[in-house]
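Peer 1: build me a structure from this.
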Amino acid sequence: MLLGMSIGTWILLITMVCFSGSALLIWYAAKTSGQFDDVEGVKYRMLEEESAVDAPIDAKR
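Peer 2: Prediction:
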């Protein structure tokens with residue numbers, strides 16, 4: 001027992017630090033690439049664009 005913690009506790013602690021660090025790196029990469037710049041504009045662009053749903057139905061069906 002190192003510093004009063006068992007080996008299982010150390011493995012859990014190291015795993016959680018790695019997961020937290022990975023999440024922070026992914027968030028930082030997304031933030032610096034501009035993925036969070038305009039989160040509200042996507043829903044308005046979705047309504048303005050023409051989509052395949054509005055295309056005429058094929059006569060063969």
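Peer 1: packing partners for whichever strand or helix holds Arg45?
Peer 2: Taking DSSP states H and E as the criterion, Arg45 maps to helix 41-48. Contact partners of helix 41-48 among helices and strands, from 3 or more C-beta pairs under 8 Å, 6 or more residues apart in numbering; DSSP states H and E: none. Heads up, the C-betas are built off the backbone N, CA and C, glycines and all.
Peer 1: which parts of it are buried?
Peer 2: By 16 or more other C-beta atoms under 10 Å, helix 41-48 has no buried positions at all.
Peer 1: pLDDT on it, on average?
Peer 2: What helix 41-48 shows for mean pLDDT is 77.
Peer 1: send me that helix as CSV with only the CA atoms.
Peer 2: C-alpha atoms of helix 41-48 as CSV (Å, rounded to 0.1, in the frame of the first residue of the first chain):
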residue,chain,number,x,y,z
GLY,A,41,-27.1,29.3,-36.3
VAL,A,42,-27.3,25.6,-37.3
LYS,A,43,-31.0,25.3,-36.4
TYR,A,44,-31.8,28.3,-38.6
ARG,A,45,-29.7,27.1,-41.5
MET,A,46,-31.4,23.7,-41.3
LEU,A,47,-34.8,25.4,-41.8
GLU,A,48,-33.7,27.6,-44.7
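Peer 1: starting at the chain centroid, how far to that helix?
Peer 2: Helix 41-48 sits 20 Å away from the centroid of its parent chain (C-alpha atoms, centre = their mean, to the nearest Å).
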